[in-house]
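Enquirer: no sequence for this one, just the structure:
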């Protein structure tokens, strides 16, 4: 699956890897697609018009981020989050003795999708509410400007 103009692609490489995000980059997507064994998810950008999906991502960061990042904290709730709409992308994680643990500053990205930014935000934060580890932190204001614009435009 390749990104077209005005679209982006997320590549989920799973636990212990980095998620690659490609924005408006057809050439980059074409270069990466043949060499990774991963799930690709195409998302239309919100300005694509009626019928386009909107995605919103919330980064869940490790305790101490961005300075003294804690590593090795066990992550709980991934199975529960997997039952909800949306997708959780791994970035700073590792698998240790069958347990998913933190291994970097930006640990996960919870991505919600919907027909509006508000709906995508609700889905993303529902994912975040399921996931926990000691010191987890994330912003609670992601998308608020876009939601305000949606409200004004009707």
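Expert: Now that the structure is in, tell me what you want to look at. It should be emphasised that the depicted structure is a prediction, and the values quoted were computed from it without experimental measurement.
Enquirer: contacting residues around the nearest residue to residue 99 once chain neighbours are set aside?
Expert: Nearest residue to residue 99, sequence neighbours excluded (C-beta to C-beta, 6 or more residues apart in numbering): residue 74, at 5.1 Å. The way it works is simple: take the backbone N, C-alpha and C, and place the C-beta from them, glycine included. Contacts of residue 74 were listed using C-beta atoms under 8 Å, 6 or more residues apart in numbering, and they are 99-101, 133.
Enquirer: can I get those residues in a markdown table including neighbour count?
Expert: Formatted as a markdown table, these follow (neighbours: other C-beta atoms under 10 Å):
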| residue | neighbour count |
| --- | --- |
| 99 | 11 |
| 100 | 19 |
| 101 | 19 |
| 133 | 20 |
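Enquirer: out of those, which is nearest to residue 116?
Expert: residue 133 (30.2 Å; C-beta to C-beta).
Enquirer: now do the same for the closest one: its pLDDT.
Expert: As predicted, residue 133 sits at a pLDDT of 98.
Enquirer: likewise residue 28?
Expert: Residue 28 is given a pLDDT of 38.
Enquirer: and the one 4 residues further on, by the same measure?
Expert: The score at residue 32 is 36. That number is its pLDDT.
Enquirer: what's the answer for residue 154, then?
Expert: 72.
Enquirer: now do it against residue 91, distance only.
Expert: 36 Å (C-beta to C-beta, to the nearest Å).
Enquirer: no more questions from me, cheers.
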